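In: Here you go, sequence then predicted model.
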Amino acid sequence: MKKMRVAIVFGGKSGEHEVSLTSAMGVYEALDKSKFDVLLIGIDRAGRWVLPDPQWVLSFKSKPRELNLEKAHENIAVLPAAGGASLRALPVSGGSNPGPSQAIDVVIPILHGTNGEDGTIQGLLELSGLPYVGSGVLGSALCMDKEMAKRVLRDAGLPVVPFQIVRRAEWTKSPSDAVEAAEKAFGYPYFVKPANAGSSVGVGKVKDAATAREKFDHAFRFDTKVLVEKAVTARELEVSVLGNHEPEASVVGEIVPKHEFYSYEAKYLDENGAELRIPAEDLSHERQREVREMAIAAFSALDCAGLARVDFFLDKKTNELFINELNTLPGFTPISMYPKLWEATGLSYAKLLEKLIDLALERGQERASLQTELG
């Protein structure tokens, strides 16, 4: 029986490149090789597409930060193939062409952040007619843009933390106006965040006017639009959502940062940067149900599919619940929150991946059935 060919696209030209490398290794190892023929397609930091040898990639499992895809020898260009439902990998210099015998059945885009979960790679896969894991172009783009996600959630009647937006042109013209507006709206402290970045890249906590410009400048290194958000003294709750038209929510987990907030350093550079509590402690059944129902409502409102991790703030002072953000391609190492929440709910890492592939095929078949011609 012919095995299904699964392509894992990983790496990427984004600030979350290293996170993607670790996630891709975990996914590759967990996929049942008796059921799936797995192809690794890497994107290096410069945006070059490569076909690295899987064993070479896995040799960096204990030291993923040393994996340099620029050193991969298989330099390729990836284009939609004639006839649809395929990608063709064309050699650019050296390397080999995967050829028709290696046609791809489904893609798992393990790409975090810019050019990965913002709808761009999803658009390429839509043009190719290939089923892929995760949300489509619209859902991906909405969730990636913190401003637009908050506007849609707010319009759907779901609670979000009060926010403002500052664009780079405004900041360049008059930084003092932006700082004064944020101070007037939120007082101190408040947070500044690149509107289109994940893993807390570029996030800064502004404690006073003296440090505000530094924090804004840092955030603007990663995006042309910055979200300014009221600081909430809160518990950070997370729920994993799985499904297409009838999504389900996992148990509720909690992140307890050991740093001042759940920064990039706390997430990825300090192994003791945060404590993961699964399930979250001291939450009533009513509150747990509310969080899970709200996670599903947010997933649907933002047109998500396949998977998403929904992050919440539970205000310690007022007990108010806010949706912080949705991650459509969350970290996917075996110890990442998304799979660990499902493991605690009764779905193993390997079975979770198989379910996600099934959901991708289901969505692909649904889209393929749509009429594209009049008459």
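Out: Cool, the structure landed. Numbering: from 1, shown residues only.
In: for E236, what are its contacts?
Out: Listed by CB atoms under 8 Å, 6 or more residues apart in numbering, the contact partners of E236 are 254-257, 262, 311-314, 324. In short, each C-beta sits where N, CA and C put it, glycine included.
In: Is A141 in a helix, a strand, or coil?
Out: With DSSP: H, G, I helix; E, B strand; the rest coil as the basis, A141 sits in helix.
In: likewise F313?
Out: F313 falls in the strand class when you classify it by three-state DSSP.
In: ok, what's across the strand from it?
Out: Beta-bridge pairing for F313 (DSSP bridges): E236, F322.
In: Kindly state the pLDDT recorded for it?
Out: pLDDT for F313: 97.
In: if I look at it, how far off is A298?
Out: According to CB to CB, to the nearest Å, F313 and A298 sit 13 Å apart.
In: ok, these two, which is more surrounded?
Out: A298 (26 against 19; other CB atoms under 10 Å).
In: from what I can see that one touches R309, true?
Out: No: applying CB atoms under 8 Å, one finds A298 not in contact with R309, separated by 10.9 Å.
In: Between the two, which contacts overlap?
Out: Shared contacts of A298 and R309 (CB under 8 Å, 6+ apart): L326.
In: Go ahead and flag the most central residue of this structure.
Out: L329 (3.1 Å; CA atoms, centre = their mean).
In: What is the least confident helix or strand in the protein?
Out: helix 264 (a mean of 47; mean pLDDT, DSSP states H and E).
In: Ranking by neighbours, what's the top pick from the contacts of E236?
Out: Most surrounded of these: other CB under 10 Å gives F312, at 24 neighbours.
In: so it makes contact with A249?
Out: No: with contacts counted by CB under 8 Å, F312 stays clear of A249, the gap being 11.6 Å.
In: can I get the CA coordinates of the helix or strand in which A295 is found in CSV?
Out: Taking DSSP states H and E as the criterion, A295 maps to helix 285-301. Only the C-alpha atoms of helix 285-301 are listed here, as CSV (Å, rounded to 0.1, in the frame of the first residue of the first chain):
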residue,chain,number,x,y,z
HIS,A,285,-15.5,24.1,36.8
GLU,A,286,-17.6,27.0,35.7
ARG,A,287,-14.5,29.1,34.9
GLN,A,288,-12.9,26.2,33.0
ARG,A,289,-16.0,25.8,30.9
GLU,A,290,-16.1,29.5,30.2
VAL,A,291,-12.5,29.6,29.1
ARG,A,292,-13.0,26.5,26.8
GLU,A,293,-16.2,27.9,25.3
MET,A,294,-14.6,31.3,24.7
ALA,A,295,-11.6,29.6,23.0
ILE,A,296,-13.9,27.9,20.6
ALA,A,297,-15.9,31.1,20.0
ALA,A,298,-12.7,33.0,19.2
PHE,A,299,-11.4,30.2,16.9
SER,A,300,-14.6,30.4,14.9
ALA,A,301,-14.8,34.2,14.9
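In: What is that helix packed up against?
Out: Contacts defined by 3 or more CB pairs under 8 Å, 6 or more residues apart in numbering; DSSP states H and E place helix 285-301 against helix 146-155, strand 234-243, strand 248-257, strand 306-315, strand 321-327.
In: The last one: how far from the chain's middle?
Out: Averaging C-alpha coordinates over strand 321-327 and over its chain gives two centres that are 13 Å apart (CA atoms, centre = their mean, to the nearest Å).
In: which is the next helix or strand following it?
Out: helix 337-345.
In: Please save the CA atoms from that following helix in CSV.
Out: Backbone C-alpha positions of helix 337-345 (Å, rounded to 0.1, in the frame of the first residue of the first chain) are rendered in CSV as follows:
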residue,chain,number,x,y,z
MET,A,337,2.1,23.8,25.4
TYR,A,338,-0.2,22.9,22.4
PRO,A,339,0.5,19.2,22.3
LYS,A,340,1.0,18.9,26.0
LEU,A,341,-2.5,20.2,26.6
TRP,A,342,-3.9,17.6,24.2
GLU,A,343,-1.9,14.9,25.8
ALA,A,344,-3.4,15.8,29.2
THR,A,345,-6.9,15.7,27.5
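In: F10 looks like it's in a helix, true?
Out: No: with three-state DSSP as the criterion, F10 is located in strand rather than a helix.
In: Now do the contacts for G15.
Out: Residues in contact with G15 (CB under 8 Å, 6+ apart) are 113-114, 197, 199, 201-202, 222.
In: pLDDT wise, what is it at?
Out: Reported pLDDT for G15: 77.
In: The one 3 residues further on now?
Out: As predicted, E18 sits at a pLDDT of 88.
In: That one: which element?
Out: Assigned by DSSP H and E, E18 belongs to helix 17-30.
In: So which elements touch that helix?
Out: strand 4-11, strand 36-43, helix 54-58, strand 106-110, helix 349-368.
In: which residues are in contact with both of F312 and A249?
Out: Between them, F312 and A249 share the contacting residues 239, 295, judged by CB under 8 Å, 6+ apart.
In: if we can go back for a sec, which of the helices and strands packed on helix 285-301 sits closest to Y349?
Out: Closest to Y349 of the helices and strands packed on helix 285-301, according to CB to CB: strand 234-243, at 12.0 Å.
In: That closest one versus helix 337-345: what angle between them?
Out: Here the directions of strand 234-243 and helix 337-345 differ by 80 degrees (axes from the mean of the first three to the mean of the last three CA atoms, to 10 degrees).
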